[in-house]
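*Asks:* show me the folded form of this:
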Amino acid sequence: MRPFDGARIVLGVTGGIAAYKAGWLARLLTQSGAAVDVVMTRAATEFVAPLTFEALTGRQVHTNLFASGRALDHIHLARAANLVIVAPATANFLARVAHGRADDLLGATLLATKAPVMLVPAMNDAMWAHPQTQHNASHLREVGYTVIDPEDGPLAAGEGSGPGRMPEPEAIVAHASRLLDDGSLRARTIVVTAGPTREPVDPVRFLSNRSTGKMGVALASAAWRRGADVILIAGPLEVEPPVGIHMVRVETTEEMADAVSHALPTAQALIMAAAPADFRAATPATRKLKKVSAPAVIQLAPTLDILAHTIPHRPVGLVVVGFALETDDVLAGARAKMAEKKLDLIVANSAREPDAGFGSDTNRVTLLAPDGTSVAVPLMPKMQVADVILDRVEALLRAR
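*Replies:* Numbering: from 1, shown residues only. Next up, the predicted model:
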């Protein structure tokens with residue numbers, strides 16, 4: 001079940017220029033399966049019409065604490081909500097909430113709800129940096145609200161760039177999914193590797209593979225949504241990294257191996273979804289190889305086997321998951337790799353499968369365990385495949 005399915009979300013919109021982004025946020029939350037009740041302050045209606053949100057959510061928009069016939073709107077909204085999001089949250093609104101003010105519908109709803117509350121500040125960079133605003137944000141965190149720091153980027157026309165920009169709606173949705181999830185991986189550190197590595201042939205050429213990093217990024221995103229502290233060690237990606245995670249960027253297989261070794265001592269699980277290059281140039285050229293003088297043969301040497309290298313260094317209780325992409329004898333190759341690398345689980349898939357593997361948004365895999373059991377996972381989006389894999393990782397962690 002997705003975290004938004006059947007959820008009731010109160011989306012508060014206050015009077016800042018970033019209110020235009022709140023429409024897209026309302027649409028994304030609705031498309032994700034949530035019922036979205038929009039509550040607008042009077043100032044917010046000066047930026048965006050309530051009718052906009054009604055059209056995007058298919059639900060009545062609330063604007064007035066004393067609307068005729070709805071005197072207890074704030075109580076009904078507060079009790080029904082699974083999550084309250086205020087985006088954008090202006091400096092004025094943060095100040096009022098920090099002092100427990102309930103002089104409008106949105107402020108009263110926040111005081112009456114027992115649901116998690118996420119505040120997404122957006123304002124001029126000088127206003128965000130002001131000590132009073134920082135004090136208010138710190139106090140709100142202390143009383144239990146989640147406050148998402150604004151991003152550094154272009155502000156309103158003529159105001160240049162700086163920290164104060166409201167995060168993109170997609171990032172806010174990701175934070176909301178973490179708050180709605182049951183937190184089954186909370187207090188766990190999960191290390192995920194993703195993407196290819198590149199081994200230099202000369203200063204402008206390299207050996208690599210077709211990996212885009214989509215599967216590893218999906219796993220990192222899903223683990224973070226479940227409450228884990230996620231370290232994503234990634235080669236060059238063709239997708240955006242997920243929000244919330246600690247990102248370590250690498251280029252070569254040796255760099256990835258070093259990063260994994262550094263992260264391993266505090267980890268409870270290692271999910272090796274990356275596709276490190278298996279070979280490197282034995283002696284990379286220090287200058288660009290020219291066609292007229294290029295060698296007829298480039299000598300290759302094997303790269304370091306990252307999973308095998310971790311075996312003597314794995315902390316007690318570590319759950320280790322590997323991936324095996326094969327063109328022939330997929331399951332046999334995966335079982336051999338699982339035994340050789342001493343894995344707790346291996347995810348096998350074929351490079352010949354349509355709509356699966358490198359570059360695809362979907363995947364079809366088989367999960368193999370050391371006891372000989374296997375589970376065939378049908379073709380589905382990689383985010384769903386990630387959840388299937390993490391269900392198994394959670395079961396292994398509980399058994400340790």
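*Asks:* okay, now the unreliable bits of this protein?
*Replies:* Within the chain, the stretches falling below the threshold (pLDDT under 70) are 1, 67-73, 155-160.
*Asks:* you'd agree F279 is up against I298?
*Replies:* No - in terms of Cβ atoms under 8 Å, F279 does not count as a neighbour of I298; the distance is 9.9 Å. Placement of C-beta: from N, CA and C, glycine included.
*Asks:* show me the protein divided up by domain.
*Replies:* The record's domain parsing of the chain by automatic domain parsing lists 8-180, 189-399.
*Asks:* could you redo the ones you listed as CSV and give each row mean neighbour count and distance to R2?
*Replies:* Shown next, in CSV, are the domains of the chain (neighbours: other Cβ atoms under 10 Å; distance: least, Cβ to Cβ, whole Å):
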stretch, mean neighbour count, distance to R2
domain 8-180, 19, 6
domain 189-399, 18, 9
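*Asks:* where do the strands sit along the stretch 1-150 of the chain?
*Replies:* For the stretch 1-150 of the chain, applying DSSP state E, counting those that start in this stretch gives strands covering 8-13, 35-40, 83-89, 117-121, 146-147.
*Asks:* can you pull out the helices in the chain?
*Replies:* With DSSP state H as the definition, the chain shows helices at residue ranges 19-31, 50-57, 73-80, 91-98, 105-112, 125-129, 131-142, 169-180, 214-225, 253-263, 306-310, 330-341, 382-399.
*Asks:* tabulate those (a markdown table), appending distance to P163.
*Replies:* Formatted as a markdown table, the entries for the helices of the chain read as follows, by distance: least, Cβ to Cβ, whole Å:
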| stretch | distance to P163 |
| --- | --- |
| helix 19-31 | 17 |
| helix 50-57 | 27 |
| helix 73-80 | 31 |
| helix 91-98 | 13 |
| helix 105-112 | 24 |
| helix 125-129 | 5 |
| helix 131-142 | 11 |
| helix 169-180 | 15 |
| helix 214-225 | 23 |
| helix 253-263 | 28 |
| helix 306-310 | 37 |
| helix 330-341 | 44 |
| helix 382-399 | 30 |
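*Asks:* looking at these, spot the one closest to P241.
*Replies:* For these, proximity to P241 was assessed by Cβ to Cβ; helix 214-225 is nearest, at 6.3 Å.
*Asks:* restricting to C-alpha, output that closest one in CSV.
*Replies:* As requested, the backbone C-alpha atoms of helix 214-225 are provided in CSV (Å, rounded to 0.1, in the frame of the first residue of the first chain):
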residue,chain,number,x,y,z
LYS,A,214,17.4,4.2,-11.5
MET,A,215,17.1,1.0,-9.5
GLY,A,216,19.6,2.2,-6.8
VAL,A,217,18.0,5.6,-6.5
ALA,A,218,14.6,3.9,-6.2
LEU,A,219,16.0,1.7,-3.3
ALA,A,220,17.5,4.7,-1.6
SER,A,221,14.3,6.7,-1.9
ALA,A,222,12.1,3.9,-0.6
ALA,A,223,14.5,3.2,2.3
TRP,A,224,14.5,6.9,3.3
ARG,A,225,10.7,7.0,3.1
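*Asks:* taking helix 382-399 as reference, get the angle to it.
*Replies:* Taking axes from the mean of the first three to the mean of the last three Cα atoms, to 10 degrees, one finds that helix 214-225 is oriented at 50 degrees with respect to helix 382-399.
*Asks:* what's helix 214-225 packed up against?
*Replies:* Applying 3 or more Cβ pairs under 8 Å, 6 or more residues apart in numbering; DSSP states H and E, we find helix 214-225 packed against helix 169-180, strand 189-194, strand 229-234, strand 269-272, helix 382-399.
*Asks:* sheet partners, orientation included, of the second one?
*Replies:* Sheet pairing of strand 189-194 (DSSP bridges) gives strand 229-234 (parallel), strand 269-272 (parallel).
*Asks:* and those strands as TSV, adding distance to D103?
*Replies:* Written out in TSV, the entries for the strands paired with strand 189-194 read as follows (distance: least, Cβ to Cβ, whole Å):
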stretch	distance to D103
strand 229-234	39
strand 269-272	48
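*Asks:* who wins for proximity to P381 among those strands?
*Replies:* Relative to P381, the nearest member of these by Cβ to Cβ is strand 269-272, separated by 17.7 Å.
*Asks:* now find how far off-centre the closest one is within its chain.
*Replies:* When C-alpha coordinates are averaged (Cα atoms, centre = their mean, to the nearest Å), strand 269-272 and its chain have centres 16 Å apart.
*Asks:* kindly export it (C-alpha atoms) in PDB.
*Replies:* Once side chains and other backbone atoms are set aside, the C-alpha atoms of strand 269-272 remain, and they are given as PDB (Å, rounded to 0.1, in the frame of the first residue of the first chain):
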ATOM      1  CA  ALA A 269      22.400  -3.200   5.600                       C
ATOM      2  CA  LEU A 270      24.300  -2.900   2.300                       C
ATOM      3  CA  ILE A 271      22.400  -3.000  -0.900                       C
ATOM      4  CA  MET A 272      24.800  -3.200  -3.800                       C
END
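*Asks:* what about A95, distance to D103?
*Replies:* Taking Cβ to Cβ, to the nearest Å as the criterion, A95 is separated from D103 by 12 Å.
*Asks:* S32 touches R2, doesn't it?
*Replies:* Yes - with contact defined as Cβ under 8 Å, S32 counts as touching R2 (6.8 Å).
*Asks:* tell me who's in contact with H130.
*Replies:* Residues touching H130, when contacts are defined by Cβ atoms under 8 Å, 6 or more residues apart in numbering, comprise A91.
*Asks:* thinking again about what came up before, turn the strands of the stretch 1-150 of the chain into JSON lines, including distance to L368.
*Replies:* Converted to JSON lines, those look like this (distance: least, Cβ to Cβ, whole Å):
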{"stretch": "strand 8-13", "distance to L368": "39"}
{"stretch": "strand 35-40", "distance to L368": "40"}
{"stretch": "strand 83-89", "distance to L368": "38"}
{"stretch": "strand 117-121", "distance to L368": "39"}
{"stretch": "strand 146-147", "distance to L368": "39"}
